[in-house]
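Asker: return a 3D structure for these sequence lines:
(chains A and B)
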Amino acid sequence: MLCGIDLGSRSVKIVLMADGCIMTEKVLETVEFYRDYGRRKNGEMAVDFAALGLEDSEAVVATGYGRNTLAIAGATVIPELKAHAIGAVWQTGLTDFTLLDLGGQDSKVIKVRRGKMVDFQTNDKCAASTGRYLENMAAVLGISLEELSRHSDNPVELSATCAIFGESELIGRIVEGYTVPELAAGVNYTIFKRVRPMLAALTGAGETVVFTGGVAIGEALPRIIEQEMGVKVVVPERPQLNGAIGCAVHAMTLLAKEG
Amino acid sequence: MAKIGITTTIPAEIVFAAGHTPVDLNNILISHPEAVRLTEAAEEAGYPRNICGWIKGLYSVVVQGGDIDTVIAVTQGDCSNTHALMETYELAGVRTIPFAYPFDRDYDLLKLQMEKLTASLGTNWDAVNAVKRRLDAVRAKVAEIDRLTWQEGTVSGWHNHLYQVSCSDFNGDVNVFEQEADAFLAAAGNAAEYAEDVRLGFIGVPPILTDLYDYIEKMGARIVYNEVQRQFAMPFATDDIVEQYRLYTYPYGVFGRIEDIRREIERRNIDGIIHYVQSFCFRQIEDMIFREKLDVPILTIEGDKPSKVDARTRLRLDSFLEMLR
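Answerer: From the prediction side, this is the model:
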């Protein structure tokens, strides 16, 4: 069994793979993961895989924000963008595309050619085009993330310069009498507006955009990106697990080299 | 002999010839143990949050430091925020002398600027040219440190940065600086060669991030070209001091810099470029020109206040190096 772990800012994603198939997948809240399943030992994080209900793995490969502060005991660490590129190639079978990954706090755009990362862009210090922003906005509107992610028609204009100030701007629009679908569409468009310059820098019209990360689970954003940019958007089967899958696939490569 | 603050590289020959000590305020800020506090102090004094950390730090270095009462400020060719920096210096009772690099590299206009500075500090061309010959000898040693970096592989990116960036003011004492450079050269001659697999160029203003070079070397790469720092060190063979400051690329627009960068990428066998940009700096716009005109991979990283490399920047650096491998 091979284990891939993506230590995200909002959630930790784990996959176990065997014979080129995903056997187990888990998504845990980051805080819950460290609190309930991690133990600090000699400056490293020992993960209690048994308590997680996961079998022993021959190889563990990890990536994500957590790796900067705390190494996972016994794990090989790979850069996050590399993990995502590998995961997207494996999940889609494509080798030439632009990867858009929108996670809890980070936005990444990675240009992949012949299966390898050749250029990338990431968001600046603000989280205004990510999952955290969407969670805040859904809470303000009193709807689920799933409901929020359905709408793309008649979007209200929102500036979306900040994930927190966005709340008061949205409340202002509610007061003006816009409907929930219009408000939700406006929120979805703010995400598009934030990522458009990064996407435009690395993608031409007619090219394929592979969209991953928790934010890719919704319906509206892939639709908006396709319509507005004239690209084909592919959302793989497990968008949120893409980084963890990339790690497990890399573990496969490592074992093959050793073996 | 007075200490005279400078906001970036100016003809230091003129300051030395007048019997004064130039003090590069940037170097004072970045080596100050409370550098972050100094930028915050400027905000408390009323500087906007969204202004460059260097400018804020330069303000506090002078206003809180107390031993510099005159500043030569570059009003054209470096940073337009310097105009307001000068005004706030004046408000605090600090004498300011403007110096402008002509945008079109006009020889006569540059000469006039240098003449005005010479007159304002009370010296003359003969004395200035004598200092130039002295500084040229020291600059040649720093150029050798640079050569050892990229050609022999015995000097770290950080030392390359440090010696070249120090040529803006020669740390205030040319003789002491020369002795240090001599000692460094002697040691570097016997140093082990670096064996990194990725050779990087650093373009843009010197970084406000304090451990950038260390981090890059820890990740198995090395900076073998520091663009602006090398320009500060003026590796130009000319006897004419006006021509020397005309050859200096940094203050004259981006296209002259691009020629220099292209030449050095080729000569130094560089795999990728790190373009460092300062938060809120107009030079960030030039990133799009570099990306259009340079045909090596570029990673743009941004720094705000004096600090270590943050987690996001580390992530980006790791991925960039991985991509180049």
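
Asker: from here on, just use CA atoms for contacts and neighbour counts.
Answerer: Noted.

Asker: pLDDT score assigned to the residue in the stretch 201-325 of chain B that chain A sits nearest to?
Answerer: Taking CA to the nearest CA, chain A has its nearest neighbour within the stretch 201-325 of chain B at residue B:319, 5.6 Å off. Here, the pLDDT recorded for residue B:319 equals 90.

Asker: now swap in residue A:65 and tell me
Answerer: 68.

Asker: who's in contact with stretch A:117-132?
Answerer: For stretch A:117-132, contacts defined as CA atoms under 8 Å, 6 or more residues apart in numbering or on different chains pick out A:82, A:85, A:102-112, A:133, A:160-163, A:190-192, A:194-195, A:198, A:202, A:214-215, B:297, B:316, B:323.

Asker: buried residues in it, which are they?
Answerer: Judged by neighbour count (16 or more other CA atoms under 10 Å in any protein chain shown), stretch A:117-132 contains these buried residues: A:117, A:119-123, A:127-132.

Asker: tell me the mean pLDDT for it?
Answerer: For stretch A:117-132, mean pLDDT rounds to 83.

Asker: chain center to that stretch: distance?
Answerer: A distance of 10 Å separates the centroid of the chain from that of stretch A:117-132, by CA atoms, centre = their mean, to the nearest Å.

Asker: check stretch A:91-101 too.
Answerer: Averaging C-alpha positions (CA atoms, centre = their mean) puts stretch A:91-101 13 Å from its chain's average.

Asker: also stretch B:49-65?
Answerer: Distance, centroid of stretch B:49-65 to centroid of chain: 17 Å (CA atoms, centre = their mean).

Asker: which one of the buried residues of stretch A:117-132 is nearest to chain B?
Answerer: Nearest to chain B among the buried residues of stretch A:117-132, with distances taken as CA to the nearest CA, is residue A:117, at 6.1 Å.

Asker: next one: phi and psi at the closest one?
Answerer: Dihedral angles of residue A:117 (phi, psi; degrees, to the nearest 10) stand at phi -70, psi 130.

Asker: repeat that for the one 3 residues further on.
Answerer: Phi and psi for residue A:120, reported as degrees, to the nearest 10, are phi -160, psi 160.

Asker: which residue comes closest to it once chain neighbours are left out?
Answerer: The shortest distance from residue A:120 to any non-neighbouring residue, by CA to CA, 6 or more residues apart in numbering or on different chains, is to residue A:110 (4.3 Å).

Asker: what's the spacing between that neighbour and chain B?
Answerer: Distance, residue A:110 to chain B, using CA to the nearest CA, to the nearest Å: 10 Å.

Asker: name the SS class of that residue, please.
Answerer: Classification of residue A:110 by DSSP: H, G, I helix; E, B strand; the rest coil places it in strand.

Asker: list the contacts of it.
Answerer: Counting by CA under 8 Å, 6+ apart, residue A:110 touches A:81, A:85, A:98-100, A:117-121, A:202.

Asker: secondary structure for those residues - can I get that in TSV?
Answerer: Listed next are the contacts of residue A:110 as TSV, based on three-state DSSP:
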residue	secondary structure
A:81	helix
A:85	helix
A:98	strand
A:99	strand
A:100	strand
A:117	strand
A:118	strand
A:119	strand
A:120	strand
A:121	strand
A:202	helix
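
Asker: and for residue 199, the neighbour number?
Answerer: By default, I'm working from chain A. Neighbour count of residue A:199, defined by other CA atoms under 10 Å in any protein chain shown: 23.

Asker: wait, chain B was what I had in mind.
Answerer: By the criterion of other CA under 10 Å, residue B:199 has 21 neighbours.

Asker: which ones are touching it?
Answerer: Residue B:199 neighbours (CA under 8 Å, 6+ apart): B:221-224, B:269-272.

Asker: all strands of the chain, in order?
Answerer: Because you didn't say which chain, this covers chain A. Per DSSP state E, chain A carries strands over the ranges A:2-7, A:11-18, A:21-29, A:38-41, A:44-47, A:59-64, A:71-72, A:75-77, A:97-102, A:107-113, A:116-122, A:208-212, A:232-234.

Asker: looking at chain B here, not the other one
Answerer: Per DSSP E, chain B carries strands over the ranges B:3-6, B:21-24, B:70-76, B:95-100, B:198-203, B:221-226, B:272-278, B:298-303.

Asker: neighbouring strands for the fifth one, and are they parallel or not?
Answerer: Pairing partners of strand B:198-203, with direction, according to DSSP bridges: strand B:221-226 (parallel), strand B:272-278 (parallel).

Asker: could you tell me the angle between that strand and strand B:298-303?
Answerer: Going by axes from the mean of the first three to the mean of the last three CA atoms, to 10 degrees, strand B:198-203 is angled at 60 degrees with respect to strand B:298-303.

Asker: next up, the contacts around residue 167.
Answerer: I went with chain A, as the question did not name one. By CA under 8 Å, 6+ apart, the contact list for residue A:167 reads A:136-137, A:140.

Asker: chain B, not that one
Answerer: By CA under 8 Å, 6+ apart, the contact list for residue B:167 reads B:139, B:232-233.
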